[in-house]
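# all I have is the shape, not the residue letters:
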């Protein structure tokens, strides 16, 4: 029993943190996301072995996913993971299309512009459609660091197998881990600001209205990280608990990131409401991610169903 | 347009506050409720004209009802009001039996021991049953200041008329007004305690964790009083808005009293958790009253139905 | 206790309602310039009818109406989903301040163009370093002959780029305690020393601006309410803003609530229905707080600290309402939509702008409940 | 990252589970005396098996088990809905304090009767005037020959009326700073100077007591950890209490959650289902926090300030859980029922007892996040 990362997992965490910090400092994220700069790091990501990290284990994937959220790296890695979990034989890069808009379109599909294959959910079935055969149009995403597309894709090869239910739950955990990263970064930003910013001659962090808000952020961030790591571990080691754990992780981590960012906006005051401050990028990622792959209400209902 | 009590209404308020304070200081309430002391003030209440105060107007009734909650007077007056609103020709004292328990019993009927007539709801119908023909057994009430009974009553004379729908909504407003009184009293107790109690050399009311909690109590109490007065006024003057207003009043005031009492328990710390402190009497009234005549969820659904 | 209108008030409401029906300009266009022009036209139309400065005294171009009639106007605007007037800060703060504290010359010079929307007003109070702690502001004004020379930086100046006049609070006495050394100026925005930079918000729009003031000149006759008396003048203005805006804010909430109801009508999701009802109920509570405030002001004169409750509650409600709208969109809320995405993001500032919720709770705790200062 | 048990731990779990199945005493009876006797019997049975002081060193009658085995025990207790042991304060606080800070004589005298439940322990820390500000306590102990004479008042002393020994914190040096003048005593409750009055709570039960201490005598050999060193001794104990109890608390939440699930099974009300799921999820978060705390303690030794998170979250969860149970009863919740009314009322104290939630947030803010003190 050891509820902590192994030395190998810590090494992966360190590498991810440092590599992402060097390639995606927030100024670079802003360039790519807000000013339409181009991003060409996929080959490096490939060399790091991250596209296939699920083969090492879900904890390893969750560790990297948290760092993706922490850095807000505008990479299609998470979308690729989702596709590969559903379609383990996937060649090239993938993404997943879930939500039905009007007239057969799939809404809010991430990274469709750089995908080779689009995994399309239709009812309970899942199909692999070559991107070249699909119609892909840019959509107006709330979160500018993760471009979304409207996709029209028919036909394709059905993917079947016992892995699918686990794959969906693994996707929930990966998304939840990104939310943990967002929550962790924003909690740290908030605490730092609360120490520096003075009003009425005192750091605002000396007021309980602010300090207790920061403590709440910390509680939810820690809680979210723990439940995500548990769910990730369970997917590889405790199948009885794993699906409930994955739903719990997605619900709790989504809410945690959203709550932390909303509270941080209040702690930051006016400055946090400006475009030039970085907070809104994390805020929008938190809000968007909370709605990706099922919102908290849906995931809570899955948890309720296992008890009631 | 004058969103304030008239001079006459203020006079009623003053009389109610003073009379109840003199007859029902909290020590006397404890005697009656906790030690089984007897209460024989109905004749005086009758002389004050309160049993028929609805004839003056719903605002007048709400004003007295708030003072009933404020004083926690263990009088069956509110139960009688409810019966008389449903059955305007009621002679003697009444009460209302609503909730079906098992095998035809009605649960949680207040003041059935001193009622002459029990107004029994069966589906959409309402019947007046002489108390002498009913089986009445004491039940174990959460709120010791308002004894409850299990009632078995069959037959009776059906009460019909256009007044019924309004009567139910008037009952909601009366109950809501009692919750406002509880909230107002407990807010005042909390503020007073927060000024007096010192920890770490400062009054606890100088900490935002406490002062902001008190501010929240004040907001909800003021809000609840306003919405109750509006609903009371609307029942006599604005039939289009009245029913929605009554549901809104019951939902908001129930929640306000419950929130204020729970928060006050925290502000008071350990002392507020003791039997000898008065807070628990208000707390239990707030919790019980929130569940009488429909809980907040039910009333909110009625409000939703008017919009959606 | 009487929420009915008098016959005269009813007549005013009916007249107003009919007039709005005849003159309603339709849906507000997108984009800052177009929206501004649209609101200016609307204000001019109202001013021609005598209703732009509804409660202003008739001698200054107002209609001398009661606060109840003002409330009726806000409610009718809400009911008909009419736009806001363009010069909202001039109408609710600048004008009333000049009327209360200004000289006869100032009244003659400034009031009429506020009503006609010929001269827009903005407010230069906040600074980057002095947010909640407004009185710690650092912008300095030094007397130089017949004018003050002003240098400093202001932020959150709504509509500065459309404005001719800025209500500017600056320090004229560095020696005095921080509340005692401030003066309230009317600064001409059209001068070289005033640079306006749009301050883009998280919504992507630039509703606010930063002002960089470098040796701007303000003639002494543009001091309002006396040198070093600016805090008192500004506070009166802020109190009026809060009391007056309470009605406008609650009316806007009713509009948004109606729009959301239109979208959600028929939904069977109990979670959504419960949340909607809670917002609707709180919106009524807000409306009644505004009525109560109106009654108090009519009886007692000055608006009291209870006015803080309305601003605080409004922020809670508008955030809850817009969050509900986002949540009701489900996964589609990952995409920007025409209405709710902007409103949801914009609402995040509601609990910050015009007094943070934390400061408002402090005010209620200290000034209403008498709790000791933190 | 490995939440599996080692083969030895699995064997312990299986043995324990089988033993509990054979020895489970059934449902706890109502009433203070009956419930106390029931829990004492249960503890004696466990002690005969060597498991009452599971983590205590074997030389003191414990099983020398690891903290993981302790956690397994709590989880198995929860799974089987086994009762608590009677002498919980002696086992989790008194014994560990004597083991850590006591003399050999104290260890020989006090430890064995704690395990056997022959001598119950209570805690005399809190006073009416010193709630959150524990170090401001006023009970005084004055040396008189070979004993201290103690006078003062204590409150919230759980199980005092069943207890032989009281862990008493009293002021021995009025001149020293408030944290430096306290001494930790073991006071014999069976003496004329100690009067116990039941402190009835809002539940109607008297789980706690007030202690009125009037010239009670404590022999000098009953000082633990040195004169004027009581704060340090008490704090260690409190930290251990918090860390140790975290597991017990989360296990009890799991029991209550299971009971509530049994009652709610099949409900189609989405509002109830959502609230239930949220509590279930947070209960998992609490459980994982306890695991995390266990891992940290095993690696780093002393439990850190993060332990405060568990107590805080537990209070939130238990209040949410019992409130949900009340709400799910609908109008019937106006009546007292056998299970949930008591628990709902009792849970109100969860955010006060053993460190208020406000104090815990202060601790997290200041000691974990490094924010400045208020």
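Nice, thanks for sending it over. It should be emphasised that the depicted structure is a prediction, and the values quoted were computed from it without experimental measurement.
# what residues does the stretch 201-350 of chain C put near chain B?
For the stretch 201-350 of chain C, the residues in contact with chain B (C-beta under 8 Å from any C-beta of the partner chain) are C:257, C:261, C:264-267, C:270, C:273-274, C:276-278, C:280-282, C:284-285, C:288-289, C:291-292, C:294-296, C:299, C:306, C:309, C:312-313. To be clear about C-beta, it is placed using only N, CA and C from the backbone, and glycine gets the same treatment.
# do the same with the stretch 51-200 of chain C
Within reach of chain B by C-beta under 8 Å from any C-beta, the stretch 51-200 of chain C has these residues: C:68, C:71.
# show me where chain C has helices.
Taking DSSP state H to define them, one finds helices in chain C at C:7-23, C:32-48, C:67-80, C:88-89, C:95-101, C:104-116, C:230-264, C:270-300, C:307-328, C:340-347, C:357-363.
# which of those helices has the lowest mean pLDDT?
Averaged per stretch, pLDDT over the helices of chain C is lowest on helix C:230-264, reaching a mean of 85.
# quick one: distance of that one to the chain centre.
7 Å (C-alpha atoms, centre = their mean, to the nearest Å).
# that one near chain D anywhere?
No. Helix C:230-264 is not in contact with chain D by C-beta under 8 Å from any C-beta; minimum separation 15.9 Å.
# close to chain A, is that helix?
No. Contact of helix C:230-264 with chain A (C-beta under 8 Å from any C-beta) is absent, the minimum separation being 15.2 Å.
# who touches residue C:320 in this structure?
For residue C:320, the residues meeting the contact criterion (C-beta atoms under 8 Å, 6 or more residues apart in numbering or on different chains) are C:275, C:278-279, C:282.
# and those as JSON lines, adding neighbour count?
Below are the contacts of residue C:320 laid out as JSON lines (neighbours: other C-beta atoms under 10 Å in any protein chain shown):
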{"residue": "C:275", "neighbour count": "20"}
{"residue": "C:278", "neighbour count": "22"}
{"residue": "C:279", "neighbour count": "26"}
{"residue": "C:282", "neighbour count": "22"}
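# looking at the stretch 101-250 of chain A, which residue is nearest chain B?
residue A:208 (4.1 Å; C-beta to the nearest C-beta).
# what is the burial count for that residue?
The local packing of residue A:208 (other C-beta atoms under 10 Å in any protein chain shown) involves 23 other residues.
# shouldn't it be in contact with residue D:358?
Yes. If you go by C-beta atoms under 8 Å, residue A:208 and residue D:358 touch, sitting 7.5 Å apart.
# shared neighbours of those two, which are they?
Contacts common to residue A:208 and residue D:358, judged by C-beta under 8 Å, 6+ apart, are B:207, B:209.
# so where do the strands sit in chain A?
A:94-97, A:99-100, A:106-110, A:117-122, A:125-130, A:135-138, A:148-152, A:157-159, A:198-199, A:202-203 (DSSP state E).
# so which of these is nearest residue B:135?
Nearest to residue B:135 among the strands of chain A is strand A:99-100 (58.7 Å), distances taken as C-beta to C-beta.
# so who does the residue of the stretch 51-200 of chain C found nearest chain A touch?
In the stretch 51-200 of chain C, no residue comes nearer to chain A than residue C:200, which is 3.8 Å away by C-beta to the nearest C-beta. Shown in contact with residue C:200 (C-beta under 8 Å, 6+ apart): A:274-276, C:206.
# ok, so of those residues, who is nearest residue B:192?
Relative to residue B:192, the closest of the contacts of residue C:200 is residue A:274; by C-beta to C-beta it sits at 42.8 Å.
# tally of neighbours for the closest one?
Residues lying near residue A:274 (other C-beta under 10 Å) number 21.
# just to revisit the earlier point, export the strands of chain A as TSV, with columns for mean neighbour count and distance to chain B.
Below are the strands of chain A laid out as TSV (neighbours: other C-beta atoms under 10 Å in any protein chain shown; distance: least, C-beta to the nearest C-beta, whole Å):
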stretch	mean neighbour count	distance to chain B
strand A:94-97	28	32
strand A:99-100	16	24
strand A:106-110	24	25
strand A:117-122	23	30
strand A:125-130	18	35
strand A:135-138	14	34
strand A:148-152	21	30
strand A:157-159	14	40
strand A:198-199	18	13
strand A:202-203	16	12
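# out of those, flag the one nearest chain D.
strand A:202-203 (5.1 Å).
# what about that closest one, average pLDDT?
95.
# ok, is that strand in contact with chain C or not?
No. Strand A:202-203 lies out of reach of chain C by C-beta under 8 Å from any C-beta, never closer than 9.4 Å.
# give me the sheet partners of that strand and which way each runs.
Each strand paired with strand A:202-203, and its direction, by DSSP bridges: strand A:198-199 (antiparallel).
# so what's the gap between the partner strand and the chain middle?
Taking mean C-alpha positions (C-alpha atoms, centre = their mean), strand A:198-199 and its chain are 34 Å apart.
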